[in-house]
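> no letters, just coordinates:
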C-alpha cells in the first residue's frame with residue numbers, strides 16, 4: 001500500500017449532524033478514526049472524534065481539503081440535510097466514496113416521484129394527487145378532495161414542512177396557499193386508518209435485510225397536526241412478514257444504499273401502505289419514542305450504518321464486540337444518618353471503555369425489559385419508565401453506587417430489580 005492508501009484506512013470522513021457522536025464511536029469500535037465535519041460548534045461527536053472541522057457545509061473546498069489532508073477518501077453521510085446532500089455530491093465528483101446512493105437520496109426527497117416509483121414496482125401507497133401552484137383553482141381543489149376524500153393528508157413534496165391531517169375544506173385551502181409560498185408543487189394524499197409502524201432496512205450493495213417491525217407513529221410521536229389519534233397496534237406474524245417483504249422491495253425499487261427507514265400504515269384488513277422512504281436516518285441516542293421503539297428491537301442504527309458503509313467501501317470491519325464483564329452485585333449493611341440499613345452495592349465494571357459499549361447495551365437492555373416487564377411489573381412499561389430504567393442502568397455501569405433499598409418506592413425497587421437481574425444474567 002502507498003502511504004495515502006494506508007492513511008485512508010485510518011481516517012473516514014463523517015458528516016452526520018446529531019448522529020456524529022454515535023457514528024464516531026462505532027467507527028472507533030471498528031478500528032477507524034473519524035474526521036468529523038460539524039456545521040456548528042459543539043455538534044454531536046465533536047468531543048470524541050479524532051479530528052474535527054467546524055465549518056459551514058456550503059464551504060465545500062475547505063471541507064474537501066480537510067478530508068484530503070487526512071487521507072479520508074471514504075465519507076459517511078449520516079444526515080439528510082439539504083446542504084449535506086449538496087456537499088456529498090461535490091465530494092463524489094471530486095473522487096470521494098460515499099456510503100449512500102445520492103440519486104436515490106434525491107429521489108426520496110421528492111415524495112410524489114417516490115410514490116410513483118413504488119407503485120411501478122407493485123407496492124401500495126395511499127392515493128395521491130399532485131397540485132401545481134400555477135394551475136391551482138377552486139375547481140382543482142374540489143376535484144382533488146373528491147379523489148382523496150376527507151380527512152386527507154397535505155404533504156410538502158420536498159419535505160420542507162411536516163405532513164398535516166386536515167378535515168375542513170376552508171382550512172385545507174388556506175394551508176395549501178401557505179405551502180405554495182415555499183414550493184411550486186405539493187400533494188394531497190388519502191388518509192389510511194390502521195396501525196402505524198416502521199422498518200429499518202440495511203443494504204450494503206449485496207444483501208438487503210429488513211430488521212424487524214417497530215410499532216411507532218411519526219405523526220403522533222412528533223405531534224403533527226391532526227395525527228393525535230394515530231394508532232400503533234401489534235400485527236399478526238403473517239402481516240408483519242408482509243410489511244418486512246414490502247420494505248425490502250421498496251428499498252430495491254428506489255435503489256437506496258446503506259441503512260434506511262420505511263414508514264407504513266397497515267389497514268384493518270392487513271394491507272400495508274407505504275407512507276415514506278427515509279434514505280438517510282438519524283442514529284444518535286436522542287431519547288425519543290422512535291429511538292426507544294427501535295432499541296426494543298435490539299437494533300443499533302449507528303453500528304448498522306458503519307457496517308454497511310465498510311462493506312460498500314470494501315474495508316475490513318475490525319469491530320470488537322466484547323468490551324468488559326460486569327462484576328457481581330452484593331448486599332451489605334451500612335449506616336446512613338445513624339441508622340443501620342441494607343444497601344445493594346455494585347462493584348465497578350471491569351472495562352476498556354464503557355462509553356463505547358452503551359449503544360449496544362441500551363438496545364439489548366430495552367429488549368430484555370420488553371420481554372420481562374410483565375413478570376416483574378404486571379404490565380408493559382411506558383416510554384418514560386423505560387427511559388428511567390436506561391438512566392439507572394447507565395449510572396450503575398459508569399460509576400457503581402450504593403442504593404438504599406428501604407428508601408425506594410415500590411415501583412423504583414422493581415426498577416432496581418430489573419436492572420440487577422439484567423446485569424446478573426448478561427456477560428457484555
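Alright, I've got the coordinates. This structure is a prediction, so every number in the text was calculated from the model and none was measured.

> only C-alpha atoms for contact and neighbour calcs from this point on.
Fine.

> any low-confidence regions in the chain?
When residues are selected by pLDDT under 70, those of the chain lie in 1-9, 284-289, 292, 295-296, 298, 320-363, 394-409, 420, 423-428.

> helices of the stretch 151-300 of the chain, residue ranges please.
Read by DSSP state H, counting those that start in this stretch, the stretch 151-300 of the chain holds these helices, from start to end of the chain: 169-180, 218-221, 237-254, 289-296.

> among those, which is the most enclosed?
Ranked by mean neighbour count under mean count of other Cα atoms under 10 Å, those are led by helix 289-296, which reaches a mean of 22.

> list of residues touching the very next helix or strand once past that helix?
Toward the C-terminus, helix 289-296 is succeeded by helix 301-313 as the next helix or strand (DSSP states H and E). Taking contacts as Cα atoms under 8 Å, 6 or more residues apart in numbering, the residues outside helix 301-313 that touch it are 19, 22-23, 26-27, 74, 76, 97-99, 202-205, 258-259, 283-284, 316-317.

> if we can go back for a sec, what's the closest of the helices of the stretch 151-300 of the chain to residue 264?
helix 237-254 (7.8 Å; Cα to Cα).

> for the closest one, the distance to its chain's centre please.
If you compare the mean C-alpha spot of helix 237-254 with that of the full chain, they lie 18 Å apart, counting by Cα atoms, centre = their mean, to the nearest Å.

> likewise stretch 209-224?
With Cα atoms, centre = their mean as the basis, the mean position of stretch 209-224 lies at 10 Å from the chain mean.

> same check, this time on stretch 52-72
On Cα atoms, centre = their mean, the centre of stretch 52-72 falls 26 Å from that of its chain.

> before we move on, what about stretch 40-48?
19 Å.

> so where do the strands sit in the stretch 101-250 of the chain?
Remark: strands of the stretch 101-250 of the chain, listed N- to C-terminal, are 128-132, 152-156, 164-166, 185-190, 194-203, 208-214; assignment by DSSP state E, counting those that start in this stretch.

> how far off centre is the second one?
A distance of 23 Å separates the centroid of the chain from that of strand 152-156, by Cα atoms, centre = their mean.

> which residues are in contact with that strand?
When contacts are defined by Cα under 8 Å, 6+ apart, strand 152-156 is touched by residues 111, 145, 161-167, 172, 176, 179, 183, 185-191.

> quickly run through the sheet partners of it, with directions.
Next to strand 152-156 in the sheet, as set by DSSP bridges, lie strand 164-166 (antiparallel), strand 185-190 (antiparallel).

> what about residue 79, which SS state?
Following DSSP: H, G, I helix; E, B strand; the rest coil, we place residue 79 in the coil state.

> who's in contact with it?
With contact taken as Cα under 8 Å, 6+ apart, residue 79 is in contact with 15-19, 280-282.

> which one of those is nearest residue 37?
Sorting these by distance to residue 37 puts residue 15 at the head of the list, at 5.3 Å, by Cα to Cα.

> pretty sure that closest one is touching residue 81, no?
No. Checked against Cα atoms under 8 Å, the pair residue 15 and residue 81 is beyond contact range at 10.1 Å.

> now the buried members of the contacts of strand 152-156.
Buried residues within the contacts of strand 152-156, counting neighbours by 16 or more other Cα atoms under 10 Å: 111, 145, 163-166, 172, 176, 179, 185-191.

> tell me what the closest residue to residue 200 other than its chain neighbours is bridged to.
Beyond its immediate neighbours in the sequence, the residue positioned closest to residue 200 (Cα to Cα, 6 or more residues apart in numbering) is residue 261, lying 4.4 Å away. Residue 261 forms beta bridges with residue 200, residue 278, as assigned by DSSP bridges.

> quick one: residues in contact with stretch 173-189.
In this structure, residues lying in contact with stretch 173-189 by Cα under 8 Å, 6+ apart are 112, 126-134, 141, 144, 148, 152-157, 160-161.

> so which of the strands paired with strand 152-156 gets nearest residue 69?
Among these, strand 185-190 comes nearest to residue 69, with 42.3 Å by Cα to Cα.

> helix or strand: which one has the residue nearest to residue 377 when sequence neighbours are not counted?
Computed as Cα to Cα, 6+ apart, the closest residue to residue 377 that is not its neighbour in sequence is residue 414, at 7.1 Å. Residue 414 belongs to helix 410-425 when elements are defined using DSSP H and E.
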